[in-house]
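> predicted model and sequence follow; I will ask about them next.
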Amino acid sequence: MPKTITIDPVTRIEGHARITITLDDRGLVEDCRLHVTQLRGFEAFCVGRPLAEMPSLTARTCGICPVSHLLASAKACDELLAVRIPPAAVRLRQLLNYGQLVQSHALSFFHLASPDLLLGMDAAPEQRNIFGLAAARPEVAKEGIALRRFGQQLIERLAGKRIHPDWVVPGGVSRPLSRENGAAIAAELPGMLQAAQNNLVLLQGVLENFTAEIAHFANFPSGWLALAGEAGQLEYYDGPLRLLDQQGEELFSEADPLRYQQQLAEQSEADSYLKSPYHRPQGPEAGLYRVGPLARLNAARRCGTPLADEALAAFRELSPQGPVTSSFHYHYARLIEIIHGLEKIQQLLADDTIYDPRVRATAGANAPEGVGICEAPRGTLIHHYRIDEQGRISAVNMMIATGHNSLAIQRGLKQAARAFINGNGENDGESGKRAESREIAENKEIREGLLNRIEAVLRCYDPCLSCSTHALGQMPLAVELRTRRGALIHQLNRGN
């Protein structure tokens, strides 16, 4: 008799989701699916709004990465206005983005992932959290809190508030950076860089404890999508959109944002409001790719800052022959990006251009369509707008970083479930040679730590689920009427 194991809710992620694991008659994993059932729908209710409202409106898509939506939206609106924004505004937008990168990565690594990494995947659930980490490793928790606070304060010093700022506007930003705020940010950088380096060394020292997780946490060849900077260095704000194949060879490099749909397509899943993009010429299966810190490091030739480049060289030793394929190493990549972000903040503040008072270009609507692309902490973010003759939004498409990773997440969860629940250590679960599950065959309850490992695959990607739920018309609605004792009286289903 087939059996279903449900993990509900998935913990230590941003948003709400559940995982269902289906076992066959032998107790072996047949399938594993992520279900994201919340719906945000910003693509629909932005229609009809004036284009000037879009950055501050779409920033409300997410409380964790509002800056990313501000920037992608403002860049799309810049295209609608057909303006070139002042150099100081470009640097200020970049500075804001790096501040968000640091705070968001710090949240992901220290608050959500490090309890698994430093306390153990099998630690008791009541201890395996940020409070347990603070009790066991207070110095790590303090440094994590300090890094996140630094990033949030940087956002506040630039944009006036930490969450949902409206400082980034079509044509630039609304006010310049004061030298007082610039000096306050710069004064904290040495301590923050030391904290980030300390924890990179700490993570490198525990990797040997996670050989099974590294082998089975969504470890497979895929494409890698990211923006590309000059000479191929890490880039978060501008540059061509670039996709590498499984061997690290370039599939496309597209400088015109409006042409993204020639390369990327989207599909909806029957059990999720996540949209699932893929490389259009290859199709959903062969065209699966990943975005985010791991993808960016795999796609970049270098970081472009000294400490991060040194860390990148060590990172590449994990897979000298090609891309690092285990999603477990998203954690490693995040720490390198924190170091890089801090170094870039230092460089930007050292350039006096950033204090120029000319920070905004003004114009009316001059183009019917605009696309803005930037790198959010979780990966590539695309905002695509069309406007009518009055400058009101007539159509919106948003491709969110977590959505880009959707197909890889689904495949990775299934891979990990087969490896850890079947207990045979298979890497892909596709060979058909699955041994009997030791846990199920001996009629033992599956240990909580094994299920935590399935959740931990999802946490590698640091998914922002509320951000990414825009698909319509695919999720069926089921309404159940039950008695007090739980007996089903009637069920009403609305199909796709």
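The structure has been received and is ready for your questions.
> all contacts plus neighbour counts: C-alpha atoms, from now on.
Fine.
> can you name every helix or strand that the one helix or strand Leu451 maps to contacts?
Under the criterion of DSSP states H and E, Leu451 resides in helix 448-460. Where contact means 3 or more CA pairs under 8 Å, 6 or more residues apart in numbering; DSSP states H and E, helix 448-460 is packed against helix 406-421.
> and the helix it packs on, average pLDDT?
For helix 406-421, mean pLDDT rounds to 96.
> now swap in stretch 342-362 and tell me
pLDDT averaged over stretch 342-362 gives 98.
> I'd like the numbering to begin with 626 instead of 1 from here.
OK, 626 is where the count begins now, so the last one is stretch 967-987.
> distance between the ends of it?
31 Å (CA to CA, to the nearest Å).
> how far is it from where the chain is centred?
26 Å (CA atoms, centre = their mean, to the nearest Å).
> before we move on, what about stretch 667-678?
Per CA atoms, centre = their mean, the centroid offset for stretch 667-678 relative to its chain is 24 Å.
> swap in stretch 852-867?
Computed by CA atoms, centre = their mean, the chain-centroid distance of stretch 852-867 equals 17 Å.
> and it, what's buried?
For stretch 852-867, a neighbour-count test (16 or more other CA atoms under 10 Å) marks 852-854, 857-867 as buried.
> repeat that for stretch 705-714.
So stretch 705-714, judged by 16+ other CA under 10 Å, has buried residues Leu705, Leu706, Ala707, Val708, Ile710, Pro711, Ala713, Ala714.
> CSV for those residues, including secondary structure and pLDDT?
Putting the buried residues of stretch 705-714 into CSV (DSSP: H, G, I helix; E, B strand; the rest coil; pLDDT from 0 to 100) gives the following:
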residue, secondary structure, pLDDT
Leu705, helix, 98
Leu706, helix, 98
Ala707, coil, 97
Val708, coil, 97
Ile710, coil, 97
Pro711, coil, 98
Ala713, helix, 98
Ala714, helix, 98
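> burial of Leu967, as a residue count?
26 (other CA atoms under 10 Å).
> with the one 3 residues further on instead?
Ile970 sits with 21 neighbouring residues when counted by other CA under 10 Å.
> and if you look at Ala890?
18.
> so who does it touch?
In this structure, Ala890 makes contact with Pro902, Tyr903, His904, Arg905, judged by CA atoms under 8 Å, 6 or more residues apart in numbering.
> next, the buried residues of whatever helix or strand it lives in.
In this assignment (DSSP H and E), Ala890 forms part of strand 889-893. Using 16+ other CA under 10 Å as the test for burial, strand 889-893 gives Leu889, Ala890, Glu891, Ser893.
> which of the helices or strands spans Ile1018?
Going by DSSP H and E, Ile1018 is part of strand 1018-1024.
> do the same with Thr645
strand 643-648.
> so which elements touch the longest helix anywhere in the chain?
If you go by DSSP state H, the chain has its longest helix at helix 804-831. The contact analysis (3+ CA pairs under 8 Å, 6+ apart) places helix 804-831 against helix 763-784, helix 955-975.
> so which of the contacts of Ala890 is the closest to Leu744?
Pro902 (35.0 Å; CA to CA).
> now do the contacts for that closest one.
If you count contacts by CA under 8 Å, 6+ apart, Pro902 has them with Leu889, Ala890, Glu891, Gln892, Pro909, Leu913, Met1024, Gly1028, His1029, Asn1030, Ser1031, Leu1032.
> is the second one in a bridge, and if so with what?
With DSSP bridges as the criterion, Ala890 is bridged to Tyr903.
> can you tell me how far it is from Ser901?
From Ala890 to Ser901 the distance is 8 Å (CA to CA).
> cool, the first one as well?
As for Leu889, its distance to Ser901 is 10 Å (criterion: CA to CA).
> which residues of this structure score low on pLDDT?
Scanning the chain for pLDDT under 70 picks out 626-627, 1049-1070, 1095-1105, 1107, 1111, 1116-1121.
> swap in 90 and give it another go.
Along the chain, segments meeting pLDDT under 90 span 626-628, 639-641, 650-652, 660-670, 684-690, 788-789, 855-856, 893-900, 1047-1072, 1089-1121.
> most widely separated two among the buried residues of strand 889-893?
Every pair of those checked by CA to CA; the farthest is Leu889 and Ser893, at 13.8 Å.
> leaving out the residues flanking it, which one is nearest to the most centrally placed residue in the chain?
Nearest to the mean C-alpha position of the chain, by CA atoms, centre = their mean, lies Arg1003 at 2.0 Å. Sequence neighbours aside, Gly917 is the residue nearest to Arg1003 in space, at 4.6 Å (criterion: CA to CA, 6 or more residues apart in numbering).
> ok, now Asp1013?
Here the residue nearest Asp1013, using CA to CA, 6+ apart, is Ser1019, at 6.0 Å.
> repeat for Gly1004
Gly917 (3.6 Å).
> how close does Leu960 get to Ser681?
Taken as CA to CA, the span from Leu960 to Ser681 is 29 Å.
> ok, the two, which is more surrounded?
Leu960 (25 against 22).
> list the contacts for that one?
Applying CA under 8 Å, 6+ apart, the residues near Leu960 are His730, Phe734, Ala821, Asn824, Leu825.
> that's a helix at the first one, yeah?
Yes: His730 sits within a helix when classified using DSSP: H, G, I helix; E, B strand; the rest coil.
> okay, the contacts of Leu960 in JSON lines with distance to Asp633 and neighbour count next?
Listed next are the contacts of Leu960 as JSON lines, based on distance: CA to CA, whole Å; neighbours: other CA atoms under 10 Å:
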{"residue": "His730", "distance to Asp633": "25", "neighbour count": "25"}
{"residue": "Phe734", "distance to Asp633": "22", "neighbour count": "22"}
{"residue": "Ala821", "distance to Asp633": "33", "neighbour count": "23"}
{"residue": "Asn824", "distance to Asp633": "31", "neighbour count": "19"}
{"residue": "Leu825", "distance to Asp633": "32", "neighbour count": "20"}
